[in-house]
Every structure is written in structure tokens, then in C-alpha cells.
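Student: fold the following, please.
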Amino acid sequence: LEFFYFHNCPYERLWKDNRRRHTETIATMDVIHTFGSDYKAVFVGDASMSPYEIAMPGGSVEHWNPEPGFVWLQRFTAQWPKTVWLNPIKRDHWDWTQSIQMIREATGDRMFEMTLKGIEEATRELAR
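Tutor: Modelled structure (predicted):
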């Protein structure tokens, strides 16, 4: 198991220690090139952010992102076809947030509620 942090949407840099996220980062392309397509990727987050973070260069609230988050999510799902997103927001509320809809689209509608049932569903999806 390897884990990496990101804020709202993954971009060109990830990190292993959230306290040092501005000083000790890892190039996202290095992560993509390190782990083969036989790996599975599990994203965890509420996917509730400004739609600009997903759709636009420069949309990140923390730094200038040269490419939109959607491009990075496409790279992840191309490298790891077995990708899921676990969302702590109740599924009943997902339609209320545009960014959740955008992340669902970017992950091929493989978003699951972060409940025991949702984790079980996500695990089944990853095992297919």
C-alpha cells in the first residue's frame, strides 16, 4: 500500500506528509510512472471544490496549476483503469454539488460512498 496526499484535486505534485506539503512534494508523473497499470487506485475525498479546480488551468486555490485537475484524473484512470473514489458525503447529496458530478465523470462514475456498504461496493468494482 502506498498513499499520497493532494488538496481537492490532484495536480502536478503530491506529498506523503501533510505537514510538509509545501516543502516535500513528489512529481505526480513520477508516481504515475512508478506504479504499473496492474495497481489499483483509491481516491478519498469529498470532491467538493470549485469547479474551476477541475476544469481550468489556474483553478487551484493553493497554487497556479498549469493543467486542470480533470486532465490529471484522466491520466490516473488511464494508468490505473481500476480506480475508485470514496466520498464521505452522503450519496443523496452528490447531485447538489457540481464538482462531485465532474469528479464522478472523470472517474467513469466509480465514486462510492465512504460507508461500509460503499467500501464493499468499491472493493467489488476494483476486483472486477
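
Student: other SSEs contacting the helix or strand where L126 lies?
Tutor: In the assignment (DSSP states H and E), L126 maps to helix 116-127. Here helix 116-127 touches strand 83-87, strand 111-113, going by 3 or more CB pairs under 8 Å, 6 or more residues apart in numbering; DSSP states H and E. Where C-beta positions appear, they are placed from N, C-alpha and C, glycine not excepted.

Student: including distance to M49, could the ones you listed go into CSV?
Tutor: Formatted as CSV, the helices and strands packed on helix 116-127 follow (distance: least, CB to CB, whole Å):
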stretch, distance to M49
strand 83-87, 12
strand 111-113, 14
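
Student: what bridges to the spatially most central residue of the chain?
Tutor: With distances taken as CA atoms, centre = their mean, F43 lies nearest the centre of the chain, 4.6 Å away. Beta-bridge partners recorded for F43 (DSSP bridges): W85.

Student: ok, it to W64 distance?
Tutor: For F43, the distance to W64 (CB to CB, to the nearest Å) stands at 23 Å.

Student: OK, contacts around P88?
Tutor: 44-46, 113-114 (CB atoms under 8 Å, 6 or more residues apart in numbering).

Student: list of residues touching stretch 38-53?
Tutor: If you take CB under 8 Å, 6+ apart as the criterion, stretch 38-53 is touched by 6, 8-10, 58-61, 65, 68-69, 76-77, 79-80, 82-89, 97-100, 102-104, 107, 111, 114, 122, 126.
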